[in-house]
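Undergrad: next comes the sequence, and after it the predicted model I'd like to discuss.
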Amino acid sequence: MTTLIAAPVDAAAELVTTPRLMLSPRAITRSYRALRAALGDVTLYYAVKANPHPAVLAAIAEAGGCFDVASPAETGAALATGADASRLLSSNPMQSRPAIRHHHAAGIDTFVVDSLDEAHKVAAEAPGATLLARLATSGAGSDWSLAGKFGADPAEVFAILDLAPQLGLQAAGVAFHVGSQQREPERWIAPIDTAAGIFTALREHGHRPWLLDLGGGFPASHAVPCPPLAVYGRTIEAAVQAAFGAHRPRLIAEPGRALVGDAGVLEASVLGVAHRAGRRWVYLDAGIFNGLTETLGEAIHYRLRTSATGAPAAAVLAGPTCDSADVMYRCVDLPDDLAEGDRVWFAAAGVYTTSYASAFNGFAPLRTELTDTLPCVGCSRPTPWPAPRWRCPGRRCWPPSGRPRTTPRCSASPVRPGSRRACCCRRFWAASATGSDGFAPCAW
């Protein structure tokens with residue numbers, strides 16, 4: 001169940017054309033500083049694919065960040081900020097030869113690969129380059145798994161790095177990615193431990209690896225609660241100390257969502273409402289193909305706010321195109337008076353929205369508007385972690401105590417947990433107008 005926050009619409013909203021992504025560069029700077037503080041000496045390489053808007057890249061560059069690029073276009077965009085090529089990392093583990101040559105000619109020195117064939121390609125097209133070998137992970141605990149397509153087993157990672165000097169490349173170390181929107185900090189422990197074993201084997205064979213790439217996965221503030229970033233930092237630091245000891249490598253990471261996600265709010269309008277087979281369908285002018293791709297399979301559950309004020313009632317939330325796959329959520333509580341022209345806001349939509357958006361079916365891709373004032377979506381007080389574990393009897397979520405729970409923030413009226421809050425038997429409780437455990441406080 002996706003979280004709903006009801007609020008009155010501003011009269012000025014009537015003049016706004018939707019859909020649009022409202023993006024705050026100042027919020028990006030705050031997020032960058034927060035993640036830097038949480039991760040300590042880890043160098044941050046922003047994953048440009050998350051949102052390549054020039055204002056995003058400029059904010060990262062001005063904050064002192066580096067860039068994780070995957071294509072010549074992303075390389076050009078990062079360099080356009082004035083950043084030196086030494087601050088760029090080519091992390092795409094399977095690229096064309098022209099792309100590798102382009103990166104190398106632009107001055108990029110470090111490449112990530114996950115196969116022996118790719119190592120040979122890098123050696124031919126970027127002689128003398130520095131090599132990271134990508135280790136496979138399960139993706140467990142993440143909302144958007146990257147397992148399967150990427151990564152080699154430990155034996156092949158060792159083989160790649162052991163061969164690198166013979167190919168004229170520098171064997172730098174190991175990279176991995178635990179999956180996007182990773183909710184469980186402990187998922188970094190196993191790959192860190194495996195990487196340490198590979199480093200030990202490399203040293204025994206005369207190599208001197210020095211670099212560990214922790215990948216991305218650090219979360220934004222979506223509906224399913226995640227631990228504070230400080231917990232991720234403490235967990236990773238403890239794992240590195242335990243696994244590497246006196247042989248501590250240089251640490252880097254490739255965050256995207258944690259840096260820019262909370263800096264954006266997607267605003268959409270209701271095109272219409274239909275009732276069929278006992279279900280209410282709400283259609284928006286934003287959907288799977290023009291901004292909300294990460295709702296495929298309901299992988300990412302955004303926090304929502306609407307301009308309507310009616311009682312929450314179950315609905316199917318769909319996009320504007322003529323493709324039947326254009327359905328974001330099949331079980332979401334929305335105000336029963338939501339109607340054509342009303343607004344719906346999606347929180348933490350700063351990443352993987354505009355960068356995925358297409359012009360399918362003739363609908364314009366999501367556009368970006370820069371602002372220093374983002375609407376508050378899902379305002380709540382911060383709460384200690386871990387959040388309570390919720391049980392879901394049937395289609396209703398209740399706190400473990402089964403007692404009503406209220407909070408004065410964001411709503412004048414209390415809401416009973418479970419009351420008209422169908423959660424489709426997910427293991428979390430989405431409090432409607434009250435805010436809920438695990439949500440970030442409004443800081444815009």
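TA: Thanks, I have the structure now.
Undergrad: pull out the buried positions in stretch 250-265.
TA: For stretch 250-265, a neighbour-count test (16 or more other CB atoms under 10 Å) marks 251-265 as buried. (Glycine included, C-beta is placed from N, CA and C.)
Undergrad: quote the end-to-end distance of that stretch.
TA: This stretch, stretch 250-265, spans 35 Å end to end (CA to CA, to the nearest Å).
Undergrad: now do stretch 174-182
TA: Start-to-end, stretch 174-182 (CA to CA) is 19 Å.
Undergrad: which residue is nearest the centroid of this protein?
TA: Nearest to the mean C-alpha position of the chain, by CA atoms, centre = their mean, lies Arg257 at 3.3 Å.
Undergrad: right, and that one touches Ser180 too?
TA: Yes: the pair Arg257 and Ser180 passes the contact test of CB atoms under 8 Å, sitting 6.3 Å apart.
Undergrad: got the contact list for stretch 278-285?
TA: Stretch 278-285 is touched from outside by 18-19, 268-275, 313-320, 328, 334, 338, 344, 363, with contacts defined as CB atoms under 8 Å, 6 or more residues apart in numbering.
Undergrad: what does stretch 47-54 give?
TA: Under the criterion CB under 8 Å, 6+ apart, residues 23, 57, 67-70, 73-74, 77-78, 80-81, 91, 216, 254-257, 259-261, 264, 350-355, 368 lie in contact with stretch 47-54.
Undergrad: how far off centre is that stretch?
TA: How far stretch 47-54 lies from its chain's middle: 12 Å, per CA atoms, centre = their mean, to the nearest Å.
Undergrad: now it: buried residues?
TA: Under the neighbour-count criterion of 16+ other CB under 10 Å, stretch 47-54 has Ala47, Val48, Lys49, Ala50, Asn51, Pro52, His53 buried.
Undergrad: among these, which lie within strands?
TA: Of those, the ones assigned to strands by DSSP state E are Ala47.
Undergrad: of the buried residues of stretch 47-54, which pair is most distant in space?
TA: The most widely separated members of those are Ala47 and His53, with 13.4 Å between them, by CB to CB.
Undergrad: who touches the residue lying closest to Val377 once chain neighbours are set aside in this structure?
TA: Excluding the flanking residues, the one nearest Val377 by CB to CB, 6 or more residues apart in numbering is Ala347, at 3.6 Å. Going by CB under 8 Å, 6+ apart, Ala347 touches Ser221, His222, Asp262, Val265, Tyr302, Arg303, Leu304, Arg305, Val377, Gly378.
Undergrad: closest to Ala286 out of the residues you listed?
TA: Tyr302 (10.9 Å).
Undergrad: report the rounded mean pLDDT for stretch 143-155.
TA: Regarding stretch 143-155, the rounded mean pLDDT is 92.
Undergrad: may I have it exported as CSV, CA atoms only?
TA: What follows is stretch 143-155, C-alpha atoms only, in CSV (Å, rounded to 0.1, in the frame of the first residue of the first chain):
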residue,chain,number,x,y,z
ASP,A,143,13.2,-2.9,-3.9
TRP,A,144,14.9,-2.8,-7.4
SER,A,145,17.2,-5.8,-7.7
LEU,A,146,20.2,-5.7,-10.1
ALA,A,147,21.0,-9.4,-9.7
GLY,A,148,21.5,-11.7,-12.7
LYS,A,149,22.5,-9.2,-15.4
PHE,A,150,25.7,-8.0,-13.6
GLY,A,151,28.5,-9.4,-11.7
ALA,A,152,30.9,-12.4,-11.7
ASP,A,153,31.5,-15.0,-9.0
PRO,A,154,34.5,-14.6,-6.7
ALA,A,155,36.7,-17.0,-8.7
